[in-house]
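In: could you work out the structure for the sequence below:
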Amino acid sequence: NTLKAPLGSNTAAAGSSTAASTAAAAGSSDDKSATVKFLRSFEPEAVSLEHAAWGTAEQATSDYVDVPELPPNHEIISRIAQLEHKARRSLMHRYSIAADLVSELLPGIREAAAAAPHTLSWPQQQSSRLPGDGPTAAAAAALSGLVAVAVWLRLSALRLLTWNHNYNVKPREISAALDRLGASLIEVYDAAPQLRGVVLLALSSAGRGGEGDMGQRIRDEILAIQQKNGCKGGMMEQWHQKLHNNSSPDDLVICDALLDYLASGQQQQVYWDTLAKEGIDAARLSSYDRPITHPPQTFPPETVPGLTADLIAYRRTLAAVHSGADLASAVDGVLGYDAGECKGKRVKVEPVAAVVTPRLKQLLAALLLLVQGSSSSRAAALEGSSGAPSKLSAMLHMERAVQVQALVMCARGCLVQHTAAGDQACQGRLRDVLFLDLALELTGRNALEGSLAAVKAATPSTLLGGLLALLQQPVAAAAFSALPGQAGNAALMAVCGQLQKLSQECPGLDPQSKARHALSLIGRLRSLLAALSATAAVVLQPTATAAAAALGIEGRDDPGGPVLLLAEEVVRGSAAASLSLLLAAVEPSLRRLAGVSAWSIVSRQPPTVTGVLTPTISCLSQLSQEDLNQFVTTPTILVLQRLAGDEEVPEGVIGVVITGDCPDVLSHAAVRARNCKIPVVACPSSESSVVDHVTSLSRKHVQLTISGDDVSITEIHDSSSTPAAAAAAVGDAAAPASGSSSSILKCKGTVDLNGSCVLT
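Out: Have a look, this model is predicted:
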């Protein structure tokens with residue numbers, strides 16, 4: 001889903017159900033031929049920004065957003081902890097309790113939205129313990145309570161809470177509870193669209209659910225599959241018992257693992273590998289109330305084709321209830337489908353008539369077809385023997401990424417006016433439309449992240465033409481989406497509009513000037529993404545930490561564990577994260593083309609530090625304990641060939657210089673560096689003169705200075721080279737000027753296409 005799906009949905013875009021849903025979306029073979037023809041003639045077009053703006057312009061245009069920490073709602077957290085013994089019985093209980101809590105909070109949210117319809121956002125919040133019954137106090141309690149419920153659902157989705165314990169529950173009861181929870185969350189979305197980030201977090205952490213016989217099909221179809229294919233014993237029978245009594249999102253992963261197992265010629269290791277990718281092992285399988293202790297049996301060869309087809313169809317049923325980010329299932333939910341009869345019961349989903357247009361159907365059918373054929377034989381044949389993409393292969397990968405992104409954003413553009421208008425405009429089916437939007441976002445993100453190696457391999461001359469088109473779509477995707485605490489998208493919309501202008505014919509601008517303009521926009525995007533990440537952290541993390549403590553979650557104090565990294569993981573699973581990765585991939589080549597400094601700046605505070613420059617180290621894992629001990633006693637500037645992004649900056653390190661690929665601005669290491677005021681700069685290894693200069697200063701006392709977009713590293717010879725003086729220099733650089741009211745310069749700037757800059 002849009003917030004890092006932990007339940008197997010990352011495989012949905014290219015999963016086993018794609019072929020079946022492609023056929024459903026495209027219809028007959030004639031329709032499929034028309035879809036192929038449409039796809040061949042489709043040209044990426046400018047993203048329509050109409051209806052996409054949300055929030056207030058005054059709150060969203062600043063690149064620097066100072067959002068205070070949102071205090072946890074301890075009253076709601078305490079209630080959740082008290083109800084956990086009931087919630088752990090089954091997912092039906094958990095979702096029902098969550099629905100009740102959201103319904104209780106809804107009046108407070110409506111009151112706050114009515115009192116301040118254009119300013120209901122996080123900076124106005126106060127502690128719910130403050131006296132007063134006015135709208136602000138009610139908003140604080142209701143909004144922080146909603147965050148608590150969303151975080152609780154997220155902790156459950158991460159498998160940190162028990163899903164089932166000594167309780168048998170029918171799938172249709174889970175589906176109905178999900179349906180009620182979704183309906184409550186949609187009421188919040190309608191009442192206060194500014195809270196869409198929190199609502200989407202809660203929705204994507206649960207699932208779509210459904211009324212009527214939707215959940216019952218989970219029980220009925222597995223029986224039909226067993227009877228039809230003669231597989232009633234062993235693992236299939238154990239899975240059948242689990243499905244009947246405590247179905248969960250894990251079943252979608254198990255179904256995928258079985259399909260991969262059959263496709264591999266029934267190799268057991270493939271089954272276990274697919275499960276492991278989604279965090280499921282033999283211990284978890286055996287921990288269910290109805291345990292699965294056997295590996296899949298060996299099926300007769302003549303049974304495999306029919307069983308595969310039946311499991312593909314069954315996956316569609318599982319995804320319809322348990323998954324919110326499965327593209328094929330989300331398309332079904334909006335375009336409608338007829339699953340036929342099973343055990344005398346029929347499931348037929350009507351299309352959302354107000355939303356479905358011929359254009360949307362065409363776009364979705366083309367997208368499903370393109371995703372299905374993502375691993376084309378032609379592209380594979382062009383790969384070098386080393387696995388590194390050739391120049392021609394890089395161009396093809398970039399072209400496909402642009403095409404997928406364009407299809408995704410055209411489809412999302414068809415949806416945005418309906419999601420902005422609310423549930424009534426979607427005929428009471430806003431939830432289905434939102435889940436389709438989430439699935440489209442995930443599909444675009446997967447395509448983009450899959451093309452990053454190709455983008456890095458492209459030369460500047462190849463890059464500039466496709467880069468501006470490639471950048472537009474992810475920027476628009478981030479603008480169309482929402483993170484918890486985000487006040488609006490005006491700044492992202494402004495950058496997207498400027499990129500559109502820059503990609504057009506601009507008389508008087510040569511490629512070098514265009515590259516410089518693109519770099520200025522990349523710099524602004526980095527600031528915006530860092531601000532969004534910081535906002536999500538102060539909104540979610542205090543509640544996550546408090547809720548985990550109240551619930552007694554094991555490993556909650558682990559610095560690298562899922563609790564303390566919850567807010568970071570939510571951000572890294574968003575459209576903003578893939579955009580950040582793209583910026584890190586394209587910036588070095590753009591800098592070469594623009595003829596400017598080769599340095600990329602990930603963290604720029606403080607702008608000057610002084611310490612001992614280490615020899616070049618390949619990565620942090622190569623450091624010995626002796627090295628780490630030395631860093632504590634001597635201010636150290638660390639030189640690395642690579643910073644993967646998930647490491648912790650060692651204690652005592654006051655600056656980091658990377659002579660290789662730049663980490664993305666939303667990586668864990670980058671976030672920690674900014675929080676701890678540690679400058680991080682990167683220069684590509686291809687800049688041999690810069691790398692040689694850095695290498696020549698190894699083990700010397702140096703001063704690292706960041707000035708604008710440039711970085712200088714110079715040796716110092718005076719008394720300030722002592723460790724004590726170096727440490728004092730770091731402290732002086734980090735402290736605000738005497739008498740200063742703020743250590744942050746807040747400003748807005750515009751750059752027009754004629755090259756002039758206005759700073760206010």
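
In: what about Ala282, neighbour count?
Out: 13 (other CB atoms under 10 Å). To be clear about C-beta, it is placed using only N, CA and C from the backbone, and glycine gets the same treatment.

In: what's the answer for Thr298, then?
Out: Neighbourhood size, Thr298 [other CB under 10 Å]: 9.

In: doesn't it fall inside a strand?
Out: No: under the criterion used here (DSSP: H, G, I helix; E, B strand; the rest coil), Thr298 is coil, not part of a strand.

In: surely it is in contact with Gln268?
Out: No: with contact defined as CB atoms under 8 Å, Thr298 does not count as touching Gln268 (9.3 Å).

In: for the stretch 151-300 of the chain, give me the ranges with low pLDDT.
Out: Applying pLDDT under 70 to the stretch 151-300 of the chain flags the ranges 210-215.

In: show me the strands in it, by range?
Out: Counting by DSSP state E, counting those that start in this stretch, one finds no strands in the stretch 151-300 of the chain.

In: ranges for the helices of it?
Out: 171-191, 196-206, 216-229, 234-246, 250-263, 268-277, 282-287 (DSSP state H, counting those that start in this stretch).

In: then the stretch 351-500 of the chain?
Out: 358-372, 377-381, 391-421, 430-450, 452-457, 460-480, 490-503.

In: list the contacts for the nearest residue to Ser48 once chain neighbours are set aside?
Out: Nearest non-adjacent residue to Ser48, counting by CB to CB, 6 or more residues apart in numbering: Gly413, 4.6 Å away. Residues in contact with Gly413 (CB atoms under 8 Å, 6 or more residues apart in numbering) are 47-48, 52.

In: so Gly413 versus Leu363, what's the distance?
Out: 9 Å (CB to CB, to the nearest Å).

In: again with Glu626
Out: On the measure of CB to CB, Glu626 and Leu363 end up 59 Å apart.

In: do the same with Trp272
Out: 37 Å.

In: next one: stretch 246-254 to chain centre, how far?
Out: Distance, stretch centre to chain centre, for stretch 246-254: 22 Å (CA atoms, centre = their mean, to the nearest Å).

In: no no, stretch 467-476
Out: Chain-centre distance of stretch 467-476: 17 Å, with CA atoms, centre = their mean.

In: ranges for the strands of the stretch 551-700 of the chain?
Out: Going by DSSP E, counting those that start in this stretch, the stretch 551-700 of the chain shows strands at 600-603, 608-613, 636-640, 653-658, 680-682.

In: may I see these arranged in JSON lines, with distance to Ser286 and mean neighbour count as well?
Out: Shown next, in JSON lines, are the strands of the stretch 551-700 of the chain (distance: least, CB to CB, whole Å; neighbours: other CB atoms under 10 Å):
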{"stretch": "strand 600-603", "distance to Ser286": "44", "mean neighbour count": "24"}
{"stretch": "strand 608-613", "distance to Ser286": "52", "mean neighbour count": "23"}
{"stretch": "strand 636-640", "distance to Ser286": "42", "mean neighbour count": "24"}
{"stretch": "strand 653-658", "distance to Ser286": "44", "mean neighbour count": "26"}
{"stretch": "strand 680-682", "distance to Ser286": "44", "mean neighbour count": "24"}
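
In: those strands: lowest mean pLDDT?
Out: Least confidently modelled of the strands of the stretch 551-700 of the chain is strand 600-603, at a mean of 84 by mean pLDDT.

In: show me what that one is packed against.
Out: In terms of contacts (3 or more CB pairs under 8 Å, 6 or more residues apart in numbering; DSSP states H and E), strand 600-603 is packed against helix 575-594, helix 668-675, strand 680-682.

In: a markdown table for these, including distance to Leu499?
Out: Formatted as a markdown table, these follow (distance: least, CB to CB, whole Å):
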| stretch | distance to Leu499 |
| --- | --- |
| helix 575-594 | 12 |
| helix 668-675 | 23 |
| strand 680-682 | 23 |
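
In: relative to Arg359, which of those is closest?
Out: helix 575-594 (22.6 Å; CB to CB).

In: from the contact counts, what lies against the closest one?
Out: helix 430-450, helix 452-457, helix 460-480, helix 511-551, strand 600-603.

In: residues in contact with Leu243?
Out: Here Leu243 is in contact with 171, 218-219, 222, 251 (CB under 8 Å, 6+ apart).

In: and what of Thr298?
Out: Thr298 sits next to Gln266 when contact means CB under 8 Å, 6+ apart.

In: before we move on, the earlier item: so how far is Glu715 from the residue nearest to Ser48?
Out: Between Gly413 and Glu715 the computed distance is 55 Å (CB to CB).

In: hang on, the earlier thing: most neighbours among the contacts of Gly413, which one?
Out: Highest count within the contacts of Gly413 by other CB under 10 Å belongs to Val47, 24 neighbours.

In: from Gln405, how far out is the nearest residue to that residue once chain neighbours are set aside?
Out: Nearest non-adjacent residue to Val47, counting by CB to CB, 6+ apart: Ala476, 4.1 Å away. For Ala476, the distance to Gln405 equals 9 Å [CB to CB].

In: which one's more surrounded, those two?
Out: More crowded of Ala476 and Gln405, by other CB under 10 Å: Ala476, with 32 against 27.

In: would you check that the more buried one makes contact with Val495?
Out: No: with contact defined as CB under 8 Å, Ala476 does not reach Val495; the gap is 9.6 Å.

In: ok, back up a step: Gly555: which of the contacts of Gly413 is nearest?
Out: For those, the nearest to Gly555 is Ala52 (40.0 Å; CB to CB).

In: SS state for the closest one?
Out: Ala52 ends up coil, using three-state DSSP.
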